[in-house]
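# Whatever this is, show me its structure:
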Amino acid sequence: MTIPAEMMMLTKKDFEPNQVVRWCPGCGDYALLNQIQKLLPTLGIPRENYAFISGIGCSSRFPYYMETYGMHSIHGRAPAIASGLKLARPELSVWVVTGDGDALAIGGNHFIHAMRRNIGLKIVLLNNRIYGLTKGQASPTSEMGKKTKTTPLGNIDRPFSPVAVALGAGATFVARAVDTDLPNLAAALKRAALHPGTSFVEIYQNCNIFNDGAYEALTDKATRDDNRLVLEHGKPLIFGKERNKGIRLRGLEPEVVTLGENGVTESDLVVHDEAAPHSGLAFFLAQFDAPNFPVPLGIFRAVEAPAYEALSMEQSEAAVAARGKGNLAKLLNSGNSWNIG
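Just a heads-up that it's a prediction; the model follows:
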């Protein structure tokens, strides 16, 4: 693809608005904003062809901080609004920025159907496992036992895994990254931006005001390598500070093994396949969590399937070709009508 000269001249600064960013100092939202502003100039898309849609929450202020078109919309309804925009203007690059409460509580229905339809949206979910904007209530991803303002005795709701929900709904691109792991975050966002159909990226994000340290095991240099599993397509599932631990299957049961012990070699380990036609392996990995297993990060699934907006356009064009262009005025004035006296 040849990128026009005027687009090649776009830089990160072109996507930075004249706005004061109003997130708490140290918030993980800044990392996403910085990475998106760096990514967009590299994609060869005119700036006027980007749109950012959000719902309600701390992360939902995102459209204000992008020098693009955008809309700060309704709680949980960003995927629905973004879907309408993508269908009306399929040439646009439409992004949804949401949070764990916005997307998975009141917005859960819209979220799963966006995945099911495979409409060409880039959905980024910042997961801090808490309601931050409303100051510290339990969210659908808060861990069991978590004490919050709405669960003072400890949370007894089992938490959602956003990745597992997306995969269960049939998502064709699913990834996970950590806000402070900038290289892997940038790589996941770029892959998402280039994927046709629905792209979903979950970002583990620290809320240093109401849930500080939620992902400390994955971010602390002393512990992170032993607690996270970086997924690499076509490579065995290996992790650990010494790169000596891996995941092996015993029938359908996974287990953590140490390379070199009891004759275990890399050939015994599960090999990651992000392009598998089914989502079985990806869903299997989505169940991993501490302390029994390392937390997977990277691309869980990336397969191509017809995008909803393309199918919709084909269907409309076929109907017009078969029946001719419609006449709205004629339709409204045809057939029986009611006269109300």
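# And stretch 232-242, what's buried?
Residues of stretch 232-242 classed as buried: 236-240 (neighbour count, 16 or more other CB atoms under 10 Å). For every residue, glycine as well, the C-beta is placed using N, CA and C.
# How about stretch 71-85?
Going by neighbour count (16+ other CB under 10 Å), the buried part of stretch 71-85 is 72-73, 76-83, 85.
# cool, and stretch 14-26?
For stretch 14-26, the neighbour count (16+ other CB under 10 Å) marks 15, 23 as buried.
# Tell me which other helices or strands the strand or helix carrying A188 touches.
Assigned by DSSP states H and E, A188 belongs to helix 182-194. Packing partners of helix 182-194 (3 or more CB pairs under 8 Å, 6 or more residues apart in numbering; DSSP states H and E): helix 29-39, strand 121-127, strand 173-178, strand 199-204, strand 295-302.
# Describe which strands the third one pairs with in its sheet and in which direction.
Each strand paired with strand 173-178, and its direction, by DSSP bridges: strand 199-204 (parallel), strand 295-302 (antiparallel).
# any idea which of the ones you listed is most buried?
strand 199-204 (a mean of 26; mean count of other CB atoms under 10 Å).
# After that one, heading C-terminal, what element do we hit next?
Next along from strand 199-204, by DSSP H and E: helix 216-219.
# Packing partners of that following helix?
Against helix 216-219 (3+ CB pairs under 8 Å, 6+ apart) you get helix 224-227.
# ok now the helix it packs on, how far from the chain's centre?
Taking CA atoms, centre = their mean, to the nearest Å, one finds the center of helix 224-227 at 23 Å from the center of the full chain.
# Show me what counts as buried in that helix.
Under the neighbour-count criterion of 16+ other CB under 10 Å, helix 224-227 has 224-225, 227 buried.
# Check which helices and strands that helix sits against.
Looks like helix 224-227 contacts helix 216-219 (3+ CB pairs under 8 Å, 6+ apart).
# Give me the buried positions along the helix it packs on.
Buried positions in helix 216-219, judged by neighbour count with 16+ other CB under 10 Å: 217-219.
# Other residues contacting stretch 239-250?
Contact with stretch 239-250 is made by 225-226, 228-230, 236-238, 254-260, 264, 266, 268-270, 293-294, as judged by CB atoms under 8 Å, 6 or more residues apart in numbering.
# whoops, I mixed them up, stretch 132-139
Residues from elsewhere that reach stretch 132-139 (CB under 8 Å, 6+ apart): 56-58, 99-101, 104-105, 128-131, 146, 148-151, 155, 157, 207, 209-211.
# The residues you listed in helices, which ones?
Taking DSSP state H as the definition of helices, the contacts of stretch 132-139 contribute 100-101.
# pLDDT below threshold where in the stretch 101-250 of the chain?
The stretch 101-250 of the chain contains no residues with pLDDT under 70.
# Include distance to N244 when you put the strands paired with strand 173-178 into JSON lines, please.
Formatted as JSON lines, the strands paired with strand 173-178 follow (distance: least, CB to CB, whole Å):
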{"stretch": "strand 199-204", "distance to N244": "25"}
{"stretch": "strand 295-302", "distance to N244": "18"}
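# between these, which one is nearest to N336?
Evaluated with CB to CB, the strands paired with strand 173-178 place strand 199-204 nearest to N336, the distance being 47.0 Å.
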